[in-house]
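Asker: sequence-free structure coming up:
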């Protein structure tokens, strides 16, 4: 029972991180119907920039460079800002010229951006893992994470922080999309870009904003993920990125509460599956695809999605 | 484009009338512009003559690698170029073929039954077909769940499948021997003749490549190929015209996967050794880049793409900077994909149909007609 509860808690925390990345996928897919593979890589850059900002010095292109050594909270905000700009630039350069091209072209461009960013990161930060600095607030003097126990379940303060930040961000985002003028423009563009444009919505601005928000969320997830695993490495974004997309499909693509639900479910299923299924931990990364196959076969619109699967 | 079955550029009054024309025609189809046929014939001549001129094994090995990638890229071209669906885990099908033949020879025949695998030389040739068919079945199984949703989901499914195959190959140690891989796969042999030299293996690979190219060019010019192109151009219109789109999409996945599986069998027997590290995700992206570079939906495209890229890659390997910075390869690949999509989506050679599709409304009919003529070398 205790192990079950422990796995459940771990799963929920990882699920929160999937949910944060899934927001980007779901919003972008909802509006321009593009799987932006690069979110996984922006997530990775989020982790690296957080580390950079927190360190006193870091090795870039093999040369040691002095760094500000900021506190974790400031560092992750800077990372979010930088990555958000990166996301907008990517959209402008690699996707906007292809807005009216066949979808295959944009999809190939997206995979190209993803490969490019991954290798650029390798060039800048090296191919090895870079250690994530300890965060004083969440670490004891001995270097172990601060934690408390409920029953026999160990919960670190950082886990609580991750969950709280995710929930608050999701709520704010939901309010933003539901209640503000810009949010309404987003929903309108998701329904019909051309008609929205005729109604005076600046669709380009809406799409740029979507990338801005999605990338910032990805960077936030990346910084937190780095904090959880105490490291960042250039390939770290690949699996979480894919899984976040699957989480978005699971919840219903284009639906922000759906992304949250899908992320949590996926995180929990993965944690429990790898704990209880035979050889589960080796095949951990395969569960998400089994889920994708099931969801596409039985409910392509996702758990919370209302629209029937769109074709062509 | 009123009639999608018509070859847009075949209407030239002077068709090339060389004696070698039947070969070019068999490999590319009648619709291919003259200079592209000449290019293919030139490459073919080079492919036959060059190994005798260079004589060093390093070059022959390089050319064998190019030939392998030509087949892989041409197979992927069926799915990506002709049907317009993105397959990002293509290397998984290649892995299926390679592991299938390795497991049959090593784990089953040698270890389980303890027979002399040299007596089973004929099985290699059977395996080309069986390995290909197994990959084709896998392609259908992976593609099937995505039929109800948009084609984009295929990209995610195949990406995941590619990773799963690698995870299985790494972890199912009893069957695949895990990360250490399977050794001792026999060289191909035919009635006592063993393909043991680099040169003989190269020519075997070349023969397989020619057969594959011939088959692919026949398929894409057939009723099936026209259905694929129609699906790529407009799925709803294709369906309205009576094309059973689900069936043809599955057929496209299966056909593409078949060639990867068959080439995987060749790869296993060629190297005598396979391990999961040969089937990394980056390989799938590399194969995709070859197709995109040469020109999607063009028979000659992947051939040129593979020749240029793999050749360049091997040549650059001599430079110290590239040796110490292996990621330059990935950076170049990413840049090429993005830049080509934005500035030249039809790739180096281009496909006229792709061109029409990718730049809607940017050219008048007359301008397009002129473009066709100049592209065809008139």
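Answerer: All right, it came through fine. Fair warning: this is a prediction, and the values are worked out from it, not measured in the lab. Numbering: from 1, shown residues only, chains lettered A, B, ... in the order given.
Asker: What is the burial count for residue B:39?
Answerer: Neighbour count for residue B:39, taken as other C-beta atoms under 10 Å in any protein chain shown: 19. From N, CA and C alone the C-beta is placed, and that goes for glycine too.
Asker: residues of the helix or strand containing it that come out buried?
Answerer: Using DSSP states H and E, residue B:39 sits in helix B:34-54. Within helix B:34-54, the residues scored as buried using 16 or more other C-beta atoms under 10 Å in any protein chain shown are B:34, B:36, B:37, B:38, B:39, B:40, B:41, B:43, B:44, B:47, B:51.
Asker: May I see these arranged in JSON lines, with distance to residue A:114 and pLDDT as well?
Answerer: JSON lines is the format used below for the buried residues of helix B:34-54 (distance: C-beta to C-beta, whole Å; pLDDT from 0 to 100):
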{"residue": "B:34", "distance to residue A:114": "38", "pLDDT": "73"}
{"residue": "B:36", "distance to residue A:114": "31", "pLDDT": "76"}
{"residue": "B:37", "distance to residue A:114": "36", "pLDDT": "77"}
{"residue": "B:38", "distance to residue A:114": "37", "pLDDT": "80"}
{"residue": "B:39", "distance to residue A:114": "32", "pLDDT": "80"}
{"residue": "B:40", "distance to residue A:114": "32", "pLDDT": "80"}
{"residue": "B:41", "distance to residue A:114": "37", "pLDDT": "82"}
{"residue": "B:43", "distance to residue A:114": "32", "pLDDT": "83"}
{"residue": "B:44", "distance to residue A:114": "36", "pLDDT": "83"}
{"residue": "B:47", "distance to residue A:114": "34", "pLDDT": "81"}
{"residue": "B:51", "distance to residue A:114": "38", "pLDDT": "79"}
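Asker: thinking again about what came up before, let me know the next secondary structure element after the helix holding residue B:39.
Answerer: On the C-terminal side of helix B:34-54, the closest following helix or strand by DSSP H and E is helix B:57-77.
Asker: Quick check: buried residues in that following helix?
Answerer: Residues of helix B:57-77 classed as buried: B:59-60, B:62-77 (neighbour count, 16+ other C-beta under 10 Å).
Asker: just stretch B:215-234 next, same as before
Answerer: B:216-217, B:219-221, B:224-234.
Asker: The residues you listed also near chain A: which ones?
Answerer: Contacts with chain A are made by residue B:234 out of these, judged by C-beta under 8 Å from any C-beta of the partner chain.
Asker: between the buried residues of stretch B:215-234, which is nearest residue B:174?
Answerer: Checking these against residue B:174 with C-beta to C-beta, the nearest one is residue B:216 at 36.5 Å.
Asker: Would you confirm that that closest one belongs to a strand?
Answerer: No: counting by DSSP: H, G, I helix; E, B strand; the rest coil, residue B:216 is not found in a strand; it is helix.
Asker: Quick check: it vs residue B:164, distance?
Answerer: 27 Å (C-beta to C-beta, to the nearest Å).
Asker: What residues does the stretch 51-200 of chain B have near chain A?
Answerer: Counting by C-beta under 8 Å from any C-beta, the stretch 51-200 of chain B sits next to chain A at B:80, B:84-86, B:88, B:145-146, B:148-153, B:155-157, B:159-161, B:163-164, B:167-168, B:170-171.
Asker: Going by neighbour count, which of those residues are buried?
Answerer: Looks like those have B:80, B:84-86, B:88, B:145-146, B:149-153, B:155-157, B:159-161, B:163-164, B:167-168, B:171 buried, using 16+ other C-beta under 10 Å.
Asker: Okay, and which of these map to strands?
Answerer: Applying DSSP state E to those, no entry is found in strands.
Asker: Among these, which ones are in helices?
Answerer: When these are checked against helices (DSSP state H), the matches are B:152-153, B:155-157, B:159-161, B:163-164, B:167-168, B:171.
Asker: Could you identify the longest helix within the chain?
Answerer: All of this refers to chain A. In chain A, with assignment by DSSP H, the single longest helix is helix A:2-32.
Asker: That was the other one, I meant chain B.
Answerer: Scanning chain B for the helix with the most residues, using DSSP H, yields helix B:245-271.
Asker: Following element in sequence after it, please.
Answerer: For helix B:245-271, the following helix or strand on the C-terminal side (DSSP H and E) is strand B:273-274.
Asker: tell me the pLDDT at the nearest residue to residue B:189 once chain neighbours are set aside?
Answerer: Ranked by C-beta to C-beta, 6 or more residues apart in numbering or on different chains and with sequence neighbours excluded, the top spatial neighbour of residue B:189 is residue B:121, at 3.9 Å. Reported pLDDT at residue B:121 in the predicted model: 78.
Asker: tell me the contacts of residue B:121?
Answerer: By C-beta atoms under 8 Å, 6 or more residues apart in numbering or on different chains, the contact set of residue B:121 is B:186, B:188, B:189, B:190, B:191.
Asker: Any chance of a PyMOL selection covering the buried ones in those residues?
Answerer: To isolate the buried members of the contacts of residue B:121 in PyMOL, using 16+ other C-beta under 10 Å:
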select buried, chain B and resi 186+188+189
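Asker: Quick one: the strands in chain A, in order.
Answerer: A:57-60, A:63-66, A:130-131, A:147-150, A:153-156, A:231-232.
Asker: pLDDT weak spots in the chain?
Answerer: Picking chain A for this. Within chain A, the segments meeting pLDDT under 70 span A:1, A:306-312.
Asker: that's the wrong chain, I wanted chain B
Answerer: Scanning chain B for pLDDT under 70 picks out the ranges B:1-32, B:350-378.
Asker: which one in it is furthest away from the centre?
Answerer: No residue in chain B sits farther from the centre than residue B:114, which is 35.6 Å out by C-alpha atoms, centre = their mean.
Asker: Can you tell me the element it falls in?
Answerer: Using DSSP H and E, no helix or strand contains residue B:114.
Asker: same question, the one 10 residues further on
Answerer: For residue B:124, the element it lies in under DSSP H and E is helix B:121-143.
Asker: distance between that helix and the chain's centre?
Answerer: The chain centre lies 15 Å from the centre of helix B:121-143; the measure is C-alpha atoms, centre = their mean, to the nearest Å.
Asker: and what of stretch B:315-331?
Answerer: Offset of stretch B:315-331 from its chain centre (C-alpha atoms, centre = their mean): 24 Å.
Asker: Between the two ends of it, how far is it?
Answerer: Using C-alpha to C-alpha, to the nearest Å, the span of stretch B:315-331 from its first residue to its last is 17 Å.
Asker: Show me which residues of that stretch are buried.
Answerer: Within stretch B:315-331, the residues that count as buried by 16+ other C-beta under 10 Å are B:322, B:325, B:327, B:328, B:329, B:330, B:331.
Asker: outside of that stretch, which residues touch it?
Answerer: Here stretch B:315-331 makes contact (C-beta under 8 Å, 6+ apart) with A:115, A:116, A:118, A:119, A:120, A:122, A:123, A:127, B:282, B:313.
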